[in-house]
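> For reference, the sequence and a predicted model appear below.
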Amino acid sequence: MNLHIKNDSGFLALAVRMVIGWTYFSAFFRRTILADKLDPELAGYIGVKFNHFLPNALGIKPIIQYLVENPDILWYNMVAFTIIEGIVGLFIIFGLFTRLMSIGVFSLAMGILLGSGWIGTTCLDEWQIGVLGIATGFLLFLTGSGRLSLDNYLMKKNFAFTQKKWFALLGSGLIPIKDHVFSKVVIIGSFLILGLTLYTNQVFHGGLWGTLHNKSVKPKLEITEGQLKNDELSFDIFRVEGVDVYGAWIISIELIDPQNNVVIHYTQNELAALPKHTIDNYYIAKIKPGKHSLIVPLGAKAKLKFNASQIKNLPKGNYTLKITDISGASWKHQIIK
């Protein structure tokens, strides 16, 4: 191997280019070829996975919330997102317009990091994918593709556009930046990415100081908007933590009076048989009755309404709503009548 090849940084990054390219192209391949994950009516719809990101997303929560509240717009975005991943991945693999596609890698990884960096039951999965994608996107922007790429093929064939300054910025070859400026770009960019890595590791997982935590291990529900009106008990529930591939299984809902007496109790079987009109879902991830319980997926939020004649006759006071998961975990909410 001659000195020129040894110093061809784009060629030396070939393994990184191939792996990161397949990582993104495979997302397109899985959702369109191996399975239909773009059909909102089928299990595994990617929009529901996107909904899972919502509770603890960093900085982009309003965008995610808007999309999951508008299923039609969400679908268009999921299709566009999938196509972009396919194009970026394929172009990176073949080394075509590598620097432009590396910006795509960087941006997609940033979205993964901010949206789902808090998810991961064992190895902080999504956070690792996000920060490594950002770092490799930056690396590929600096190196370009090197000798084994379509960029290089086009340059060797002396196509006129490859001599333009814009091609060096969007394709491959020497970046038209002075050496001392380029050094600063490398150093500043690298330390900014390191800073983002440490910051998100701390925010999502407590990875630097304090108590190490993982929000993907145990289910957690937030209960709000509790009301007792006439003969109706209503409240909102929002699942904000826990494993993304399993729901929380609610087996008991109780209303407890100020003397600690249970005045209303909905059992496991009753919750499994709830009629649809009692559940008003806000997002694309749906709370719904299951075979043996009420199922609450990660990121799902709904208003539940229960009618019972004894509610109308309850004296005024502070009541406690208690919701219990099959694991034994329970959550309480105070309601004033």
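All right, it came through fine.
> Domains of the protein: list them as residue ranges, please.
Each domain of the chain is listed here as a residue range: 3-205, 220-336, per automatic domain parsing.
> I'd like these written out as a markdown table, with mean neighbour count and distance to His213 added.
Backbone N, C-alpha and C define where each C-beta goes, glycine included. Formatted as a markdown table, the domains of the chain follow (neighbours: other Cβ atoms under 10 Å; distance: least, Cβ to Cβ, whole Å):
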| stretch | mean neighbour count | distance to His213 |
| --- | --- | --- |
| domain 3-205 | 17 | 6 |
| domain 220-336 | 17 | 10 |
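> So what pairs up with Val262 in the strands?
Judged by DSSP bridges, the bridge partners of Val262 are Ile256.
> Go ahead and confirm it touches Ile253.
No: the criterion here is Cβ atoms under 8 Å, and Val262 misses it with Ile253 at 10.6 Å.
> Then Asp280 would be within a strand, right?
Yes: for Asp280, which was evaluated using DSSP: H, G, I helix; E, B strand; the rest coil, the result is membership in a strand.
> name the element the nearest residue to it once chain neighbours are set aside belongs to?
With sequence-adjacent residues excluded and distances taken as Cβ to Cβ, 6 or more residues apart in numbering, Asp280 is closest to Lys303, at 4.5 Å. Using DSSP states H and E, Lys303 falls within strand 301-307.
> Could you do Asn152 as well?
Assigning secondary structure by DSSP H and E places Asn152 in helix 150-156.
> and the next element down the chain from the helix or strand of the chain with the lowest mean pLDDT?
Sorted by mean pLDDT, DSSP states H and E, the helices and strands of the chain end with helix 3-6, the least confident at a mean of 56. Remark: after helix 3-6, the chain's next helix or strand is helix 9-12, criterion DSSP H and E.
> who does that next one touch, helix- and strand-wise?
Applying 3 or more Cβ pairs under 8 Å, 6 or more residues apart in numbering; DSSP states H and E, one finds that helix 9-12 contacts helix 125-143.
> mean confidence for the helix it packs on?
Over the span of helix 125-143, the pLDDT mean works out to 96.
> Keeping just the C-alphas, turn that helix into PDB.
Taking C-alpha atoms only, helix 125-143 is exported to PDB below (Å, rounded to 0.1, in the frame of the first residue of the first chain):
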ATOM      1  CA  ASP A 125     -29.700   1.700  23.800                       C
ATOM      2  CA  GLU A 126     -31.200   4.700  22.100                       C
ATOM      3  CA  TRP A 127     -28.800   7.100  23.800                       C
ATOM      4  CA  GLN A 128     -25.800   5.100  22.500                       C
ATOM      5  CA  ILE A 129     -27.200   5.000  19.000                       C
ATOM      6  CA  GLY A 130     -27.800   8.700  19.000                       C
ATOM      7  CA  VAL A 131     -24.400   9.900  20.300                       C
ATOM      8  CA  LEU A 132     -22.500   7.400  18.100                       C
ATOM      9  CA  GLY A 133     -24.500   8.500  15.100                       C
ATOM     10  CA  ILE A 134     -23.700  12.200  15.700                       C
ATOM     11  CA  ALA A 135     -20.000  11.400  16.200                       C
ATOM     12  CA  THR A 136     -19.800   9.200  13.000                       C
ATOM     13  CA  GLY A 137     -21.800  11.800  11.000                       C
ATOM     14  CA  PHE A 138     -19.200  14.400  12.000                       C
ATOM     15  CA  LEU A 139     -16.300  12.100  11.200                       C
ATOM     16  CA  LEU A 140     -17.700  11.300   7.700                       C
ATOM     17  CA  PHE A 141     -18.100  15.000   7.000                       C
ATOM     18  CA  LEU A 142     -14.500  15.600   7.800                       C
ATOM     19  CA  THR A 143     -13.100  12.600   5.800                       C
END
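> list the helices and strands that helix packs on?
For helix 125-143, the elements it packs on are helix 9-12, helix 14-29, helix 98-116, helix 179-205, judged by 3+ Cβ pairs under 8 Å, 6+ apart.
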